[in-house]
Every structure is written in C-alpha cells, then in structure tokens.
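**Q** Sequence and predicted structure, then a few things I'm wondering about:
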There are 2 protein chains.
Amino acid sequence: MWLEMQLWMIIMLLLAMDPAKLIRAALYALSPTNQPHPINVVAAAPFYSSYPEMTDFERSELHKWAGDARNYDKDEPYIEFITSPNNPDGVIREPVVNGDQGKLIHDLAYYWPQYTAITSPVNHDVMLFTVSKCTGHAGSRIGWALIKDKEVARKMIKFMEVSTIGVSKETQLRAAKILGVISDSCVNPTLDNFFEYVQSLLTDRWQRLRQVVKANDLFVLQKYPLQYCPFTKKFSESHPAFAWLMRKGSEDDCEKFLKGHKLQTRGGEKFGSYSSNVRISMLGKDEDFNIFLQRLEAIQELPDGN
Amino acid sequence: MWLEMQLWMIIMLLLAMDPAKLIRAALYALSPTNQPHPINVVAAAPFYSSYPEMTDFERSELHKWAGDARNYDKDEPYIEFITSPNNPDGVIREPVVNGDQGKLIHDLAYYWPQYTAITSPVNHDVMLFTVSKCTGHAGSRIGWALIKDKEVARKMIKFMEVSTIGVSKETQLRAAKILGVISDSCVNPTLDNFFEYVQSLLTDRWQRLRQVVKANDLFVLQKYPLQYCPFTKKFSESHPAFAWLMRKGSEDDCEKFLKGHKLQTRGGEKFGSYSSNVRISMLGKDEDFNIFLQRLEAIQELPDGN
C-alpha cells in the first residue's frame, strides 16, 4: 500500500501543472459525476480570493461555490479548501467543517520554511504545491500535487490532458533545475541555504512593518505563535508572504483609506472578509517595500478620527 | 476601426496561451451568459477528436457538444469550429451550417506553407494558431489568437486569468526566439527557408506513401487539388500533417485491420467518421515512418478478401 502510494506520488510529481490549473484539476477530480446537483465548495474566510471564481466561472454542473466554510451546515457532500499557511492572513489552518461527507484539498503554496515553521511532515489526501511562492518563479506557472488516491490522481491527469494536453517542457526543465539548486543549498554547507536567506529578509521586513504599525497606533496586525521548526532548528514566528492589517477601532473601508495615502492594498471583502481589513504584499522589491513603509509611517490620525 | 482591430490583434498576440486552452477560451468567450440553455457547438465530421471532450468535460452550462455540423438544423445560436486545413483529413474548409445565428472559430493550426498553399491572407473573426504544428514544438504548449471583436478578446483574456493566471515566461521567450529565427529564414536568402525545407520533407513522404498505397491497391487516400501558393511561388498539392486513409471496398474496422499488421493508427470513429477510415501521422521520426511504410507495403489481400 505504502509503495503504491509512493508510486502515485512520484507520477503526480512528474505530472506538474499550472498552479491555478492544479486547483481546478483537484476540484474536477473530487466532484462526483453521478449527482443531480453540483457539489458545494467552501473555504473558511478570509480565503484566497480566486477560489470562488475558479470554482464557478465555467458554470460547471459538477461543483459550485458555497462560501465561508464556517457557515456551512448542510448534511451533504462538500469540498473544503484548506490553505495553510493561509492566504491572505498567514494563519496555520485545519479543516473547519469537519462533516462526514467532506473532501479536503490542502493548498500548501506557502508551507515553506521562509514563511512558517515546518512543524511536521504533512500527510493529507490531496496536497497542492507551487514554485511560485517557494522560489519566487511565479511567472513559470508550475506546481505539483501529492495525491494518495489513485483514482483522484487519474482524474487530475485526465483534466490536464483534456484542458491543456501537457505542460510546457521548457518550464518543467527550468523548474527541475531551480528546485535542484535550492535543494543543494540546503544540504551543502559551503552554499547559502536558500530558505534561511529568504527567511532573514522576511524577518527583517516584518520587524520593520511591526515597528511602523506600533508607532502610529492606527492598525492591528495578525499575530502568530512562536513555534519550533525542525528544518531551521530554531523557534520562530511566522513571516507570511502577505500581511493582514486591520484598522483599529474603525469599520471604515481600509483599502480606500490607504489608497488616499497612496498605498495600494487589497481590501478584505475580496477575501470574503471585512472591508476594515487589507492584504499587503511582503514580497515586492526592496525599493517598493521601503516606500510603502515610509508612506504608512507618515499616516497620522486626524483630530476628528478620520 | 482598422487601427483598433490592429491594436487588439497585437494585444492578443502578446497574450499567448496553451493551444488547447485557446480553444476553450474561445468557446467561453463566444458562449452567451444570459441564455437558459447551453449554446450548441458543432464541427463538420471528420473533426478534431478533442473538440467534443473539450466542450463537455467540465459540464459547463454555457456550451454543449452538438455533433456533426452537417446534421445541425436548429434555428438557434451555435458555435462552429472550422479547422482548415482540417485535422484529420487535411481538406481546406469553409463554414458548413451557414445559419443566421452562428459564431465561428477558425482553428488554423495547420495553415502553414509546409502543409498547404497559402492562397490568401485570412481575415476571420476568431483565428487560432499554435507553434505546435508550425514549428514542431508541441511540447512548448503555446499558441496565439487573432480576434476582431474587442469584447471577445476581453473575455478570452478573462478566461486565461482565471484558469491559469498567466502563461509560462520561459515558454513565451523561447517561442518568440524560435518564431524570430524561422521568420528570418524566410527573408534572408543566405539561410535555408524553414517552410520550404519542411515542405520538401513532407512532399517526399507523401510521394512514397502514395506509391505504396497505389501498389497494394487495398486503400484509398484523400486527394487534394493543385493550388498556387504566393508564399512559395509554386503550384503544389497539400501535404497534410496527417494522412486520411480508407479501406477500399470494405466497411471493416480499418484501425483493427492495420493493428493486425503491427501498424498503429487512429480509427475514424474517434473523429466522428467511419471505422473504415484511419488517421496516420506524417510527422514521426524518419525511422518510424520508414518502418510504417515497409509494413504497409507488405500487406497483401488474402484470397478470401480478409
């Protein structure tokens, strides 16, 4: 059994796909084809803003978006996305619905040591990965999936064959090379460990962001627990790819408020959450991030509270 | 108007996509969203074997496969694929339904000088191209579309953004380089013209295939008219990427018959046609093609006609 699982894992590894397509392939593979109604698809808010559109835009009879997993109480089959660490808020997540008829898709795009402690090996039924957030090569459009069930893997392969025939050979070759170089950097002591290097950059950015947020006292940032990471052999907080910022004591539209200060963010409503929240990218260029911090620091509370 | 069209053509050219996805993006863009029923999708048989599955496999409420365009007689909106030259039979095609409410997708994957005379510039509403059959880089998974209507172009871009976010940068760079080199070979007289070179290879293969077919008198091949090509400045027959072969005087399953002689082909039923036809790839390696011809040549009619 273990050997067979290993084999399919390897097959799926070779069958890399566009990360957005991996999500849609998993949806396709987990949707029953013998039901009169589409299966409900949920994720706990705040969720990755593309899930609703990816689920519904082709108006498939196989699946339909059913919103926030926390509000899901139907006694019927469902698919739940678990993005851990979560996009947009960086929180480590578990399934929320915990119903009898749930099929789970673990989106592990951010489960890498630069963002979070790798507290344990993961062993879920459907696990999706991407080089986009691992190495920063988002433009290569390549990811991979580890799948336990042979039939689910077969259906995902079918999805890929029909929707795209195959994956760009150039990209597969380059991604394999990049992952090889990064892997070497983790085991060869004469090389700089890629994940530790990126973690140090993110730690610095997060420290500076927390200082600015603390200083002007207008916002609240998501907090993360201190955890031990066997990979880095250190205790550390998470340093997510996005910061989840909330206006303190105000339910006003935070995206609009920040835009008034020439700061481009993504409002919470896009993630099924409140407009008092925004998502901030922590992965921009140094220059952009520095200007962002300067402008955030310059914001002063007006006397009338606006 | 012309300038605007040009602009959108250029935008679509930059927005290259996986060729299979281009087909699905065009279907998505041409499907009405305000109708209670899915729009009918047709193509004249024999048609590209993936059209039915690409149209239906996600069970979209937007469109559904409605079979052979020659049998379509409903007085309602429809989408017609026109593959010209056609896959599998290499025939130059025009729309078949010619209804009032038709939207046409011209799939021009094979409209290149090595396969057919380029008798005139094409000027259809929706035109799809791919490097796969133009240069042979099928593994790169990249194609492009020329679209006249701004709204259709916008919806195709939307399809790409949701289904895949973007196109592999590595592939775009390599495809641009390859197309540049091939383009140079057509205008620089010191270089071998790519299309003429491939045409000469295909002409040779087709001549040898026709000799074998004539010699054993068991099969019929599709015939093509002699046409003048302003690009090559010669009169020539078509030399399609696939040969469309029919068993002479027998309605037996031709794929099965040839398999009995260790010849792998694709049966006509997969293309919405008869099992007495098969499609043969003309684009394999020299060694494979030569073995194919040897085995085809060795087939003898048995005394009992089997």
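**A** All right, it came through fine.

**Q** list the contacts for residue A:71?
**A** With contact set as CB atoms under 8 Å, 6 or more residues apart in numbering or on different chains, residue A:71 has no partners. Just so you know, the C-beta spots here come from the backbone N, C-alpha and C atoms, and that holds for glycine as well.

**Q** Look up the pLDDT of it for me, please.
**A** If you check residue A:71, the pLDDT there is 97.

**Q** Specify the beta-bridge partners of residue A:279.
**A** With DSSP bridges as the criterion, residue A:279 is bridged to residue A:244, residue A:266.

**Q** That one against residue A:266, yeah?
**A** Yes: shown here, residue A:279 and residue A:266 form a contact pair, counting by CB atoms under 8 Å, at 4.5 Å.

**Q** where do the contact lists of these two overlap?
**A** With CB under 8 Å, 6+ apart as the test, residue A:279 and residue A:266 both reach residue A:88.

**Q** Pick out whichever of these two has more residues nearby.
**A** Comparing residue A:279 with residue A:266 by neighbour count (other CB atoms under 10 Å in any protein chain shown), the higher total belongs to residue A:279, at 25 against 16.

**Q** Setting the sequence-adjacent residues aside, check what's closest to the residue in the stretch 151-300 of chain A that chain B sits nearest to.
**A** When scored by CB to the nearest CB, the stretch 151-300 of chain A has residue A:169 as its residue closest to chain B, at 3.8 Å. Nearest residue to residue A:169, sequence neighbours excluded (CB to CB, 6 or more residues apart in numbering or on different chains): residue B:139, at 3.8 Å.

**Q** and what of residue A:93?
**A** residue A:84 (4.1 Å).

**Q** try residue A:107
**A** The shortest distance from residue A:107 to any non-neighbouring residue, by CB to CB, 6+ apart, is to residue A:83 (4.3 Å).

**Q** Ramachandran angles for the one you found?
**A** Dihedral angles of residue A:83 (phi, psi; degrees, to the nearest 10) stand at phi -100, psi 110.

**Q** Enumerate the residues of chain A near chain B.
**A** Counting by CB under 8 Å from any CB of the partner chain, the residues of chain A close to chain B are A:18-21, A:24, A:28, A:50, A:53-54, A:57-62, A:139-142, A:159, A:162-171, A:174.

**Q** Give the PyMOL command for selecting the buried subset of these.
**A** Only the buried members of the residues of chain A next to chain B enter the following PyMOL selection, criterion being 16 or more other CB atoms under 10 Å in any protein chain shown:
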select buried, chain A and resi 18+19+20+21+24+28+50+54+57+58+59+60+61+62+139+140+141+142+159+162+163+164+165+166+167+168+169+170+171+174
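
**Q** Among the residues of chain A next to chain B, which lie within helices?
**A** A:19-21, A:24, A:28, A:53-54, A:159, A:162-164, A:169-171, A:174 (DSSP state H).

**Q** can you map out the helices along chain A?
**A** In chain A, helices defined by DSSP H lie at A:2-14, A:19-30, A:51-56, A:131-135, A:150-164, A:169-187, A:194-216, A:254-259, A:286-298, listed in chain order.

**Q** what's the most buried one of these?
**A** helix A:19-30 (a mean of 24; mean count of other CB atoms under 10 Å in any protein chain shown).

**Q** returning to that earlier point: for the residue nearest to residue A:169, what are its contacts?
**A** Per CB under 8 Å, 6+ apart, neighbours of residue B:139: A:166, A:168, A:169.

**Q** Check residue A:97 too.
**A** Contacts of residue A:97 (CB under 8 Å, 6+ apart): A:42, A:69, A:72, A:78, A:80.

**Q** Dump the residues you listed to CSV, plus distance to residue A:255 and neighbour count.
**A** As requested, those are arranged in CSV below (distance: CB to CB, whole Å; neighbours: other CB atoms under 10 Å in any protein chain shown):
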residue, distance to residue A:255, neighbour count
A:42, 25, 25
A:69, 24, 25
A:72, 27, 20
A:78, 30, 21
A:80, 27, 22
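
**Q** now the helices of chain A as CSV including mean pLDDT and distance to residue B:110?
**A** What follows is these, written out as CSV (pLDDT from 0 to 100; distance: least, CB to CB, whole Å):
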stretch, mean pLDDT, distance to residue B:110
helix A:2-14, 44, 30
helix A:19-30, 92, 26
helix A:51-56, 95, 33
helix A:131-135, 91, 34
helix A:150-164, 89, 20
helix A:169-187, 92, 21
helix A:194-216, 96, 45
helix A:254-259, 97, 49
helix A:286-298, 97, 46
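
**Q** if we compare the ones you listed, which one ends up closest to residue B:34?
**A** Of all these, helix A:51-56 sits nearest to residue B:34, with 15.9 Å by CB to CB.

**Q** now for that closest one, which elements pack on it?
**A** helix A:19-30, strand A:39-43, strand A:63-68, helix B:150-164 (3 or more CB pairs under 8 Å, 6 or more residues apart in numbering or on different chains; DSSP states H and E).

**Q** contacts for the first one?
**A** Right, the one you point to is helix A:19-30. A:17, A:39, A:41, A:50-51, A:54-55, A:62-63, A:79, A:81, A:103, A:105, A:107, A:109, A:126, A:128, A:130, A:132, A:141-145, A:152-153, A:155-156, A:158-160, A:163-164, B:58, B:162-165.

**Q** now do 7 Å
**A** A:17, A:41, A:54-55, A:62-63, A:79, A:103, A:105, A:107, A:126, A:128, A:130, A:132, A:141, A:143, A:145, A:152, A:155-156, A:159-160, A:163-164, B:58, B:163-165 (CB atoms under 7 Å, 6 or more residues apart in numbering or on different chains).

**Q** gap between stretch A:41-59 and the chain center?
**A** 13 Å (CA atoms, centre = their mean, to the nearest Å).

**Q** Look at that stretch and report the distance between its end residues.
**A** Stretch A:41-59 has an end-to-end distance of 13 Å (CA to CA, to the nearest Å).

**Q** Going by distance to residue B:219, which of the contacts of residue A:97 wins?
**A** When the contacts of residue A:97 are ranked by distance to residue B:219 (CB to CB), residue A:78 comes first, at 54.7 Å.

**Q** which residues does that closest one contact?
**A** By CB under 7 Å, 6+ apart, the contact list for residue A:78 reads A:39, A:40, A:42, A:66, A:72, A:97, A:99, A:101, A:102.

**Q** Phi and psi next, for the fifth one.
**A** When you say that, I think you mean residue A:72. Dihedral pair for residue A:72: phi -80, psi 120, per degrees, to the nearest 10.

**Q** got a list of contacts for stretch A:258-266?
**A** A:255, A:278, A:279, A:280, A:292, A:295, A:296, A:299.

**Q** how does chain A divide into domains?
**A** Following automatic domain parsing, one gets these domains for chain A: A:2-185, A:194-298.

**Q** First-to-last residue distance for the shortest one?
**A** Right, the one you point to is domain A:194-298. 34 Å.

**Q** Tell me how far that domain lies from the chain's centre.
**A** Put simply, domain A:194-298 sits 15 Å off its chain's centre (CA atoms, centre = their mean).

**Q** and what of the first one?
**A** A distance of 10 Å separates the C-alpha centroid of domain A:2-185 from that of its chain, computed with CA atoms, centre = their mean.

**Q** first vs last residue of stretch A:254-273, how far apart are they?
**A** Length of stretch A:254-273, first residue to last, CA to CA: 12 Å.

**Q** Also stretch A:160-172?
**A** End to end - CA to CA - stretch A:160-172 spans 15 Å.

**Q** returning to that earlier point: hang on, the residue of the stretch 151-300 of chain A closest to chain B packs against residue B:138?
**A** No: counting by CB atoms under 7 Å, residue A:169 sits too far from residue B:138 to count as a contact (9.1 Å).

**Q** Could you name every residue contacting both of those two?
**A** Here residue A:169 and residue B:138 share no contacting residue, scored by CB under 7 Å, 6+ apart.

**Q** rewinding a little: out of the helices of chain A, flag the one nearest residue B:235.
**A** Nearest of those (CB to CB): helix A:169-187, 37.5 Å.
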